[in-house]
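>>> Quick one: sequence plus predicted model below, questions after.
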Amino acid sequence: MRTIIADDHAIMREGLKQLLSTVDGLIVSGEAADAEAVHRLLNENSADLLILDLGMPGVSGFQFIAHLRTAWPELRVLVLTANVEPRSVRAAFSAGASGYLTKSGDPSELIAAIDAIRRGNTYVAREVRFAVDYHDGPSEIPEPSAAIISPVTLTRRERQILAMIPHGVTNRDIANRLGISLLTARKHRENLMRKLDLHSGAELTAYAVRLGLPAG
């Protein structure tokens, strides 16, 4: 399996080469530090796998993946990034990626991802797997009816979160369910409490229950 490593950090590329040297039947055929170098390498010699950092210079987000898959249909793209946003995970696969790894993940996942791609499967890092598992989550979350909505004006997202509060959800539960990052979920919850002038999770739960929102 001829593989190109595309990352603008030389230390990262060197570390990946060391890891990949333990994989049977895999050859690192080139290294790239920007999008232009990726194109040059692919034009010079075909490759089977591209390990791609989305943060490289010249990489126009997920459109870059779609472009590569159109120009080189046999090429498999394994994203390796610091981006853990659920939307980014889904967008990468929609653009044609075969795998998505996070730089904060376990190195053993790189080998697992390559094995999966070799077998014609896809691979999602454990850290962001919920983003795919909960792909349809946001559209399935019921919103409180107009009769029980807070007298304080709330955004649609804040109403969704308020409806979940009586169920004892954590910020991570909210993030998983809504397909947003943990940081975004925490911010929404903080904004909700500030708007309602509440100062603890217990007060927020009591408020939701008083509105008639069902507990579970």
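Received it, and whenever you're ready, just let me know what you need.

>>> Low-confidence ranges, the protein, go.
131-151, 212-216 (pLDDT under 70).

>>> Mind doing that once more with 50?
Within the chain, the stretches with pLDDT under 50 are 134-148, 216.

>>> Now do the strands in it.
2-6, 27-32, 49-52, 76-81, 99-102, 123-124 (DSSP state E).

>>> Take these and lay them out in CSV including distance to Asp115 and mean neighbour count.
Heads up, the C-betas are built off the backbone N, CA and C, glycines and all. Formatted as CSV, the strands of the chain follow (distance: least, CB to CB, whole Å; neighbours: other CB atoms under 10 Å):
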stretch, distance to Asp115, mean neighbour count
strand 2-6, 13, 21
strand 27-32, 16, 18
strand 49-52, 12, 26
strand 76-81, 11, 23
strand 99-102, 10, 24
strand 123-124, 8, 22
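
>>> In a markdown table, list those strands along with distance to Arg194.
Shown next, in a markdown table, are the strands of the chain (distance: least, CB to CB, whole Å):
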| stretch | distance to Arg194 |
| --- | --- |
| strand 2-6 | 43 |
| strand 27-32 | 46 |
| strand 49-52 | 40 |
| strand 76-81 | 32 |
| strand 99-102 | 31 |
| strand 123-124 | 35 |
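
>>> Nearest to Leu198, out of those strands?
strand 99-102 (33.9 Å; CB to CB).

>>> Can you tell me which helices and strands that closest one packs against?
strand 76-81, helix 86-95, helix 108-118, strand 123-124 (3 or more CB pairs under 8 Å, 6 or more residues apart in numbering; DSSP states H and E).

>>> circling back: of all the strands of the chain, which one is nearest Leu211?
Nearest to Leu211, of these and by CB to CB, is strand 123-124 at 37.0 Å.

>>> Run me through the strand neighbours of that closest one, direction for each.
The strands that strand 123-124 pairs with in its sheet are strand 99-102 (parallel) (by DSSP bridges).

>>> residues touching the closest residue to Leu182 other than its chain neighbours, list them.
The shortest distance from Leu182 to any non-neighbouring residue, by CB to CB, 6 or more residues apart in numbering, is to Ala175 (4.7 Å). Ala175 makes contact with 86, 181-182, 184-185, according to CB atoms under 8 Å, 6 or more residues apart in numbering.
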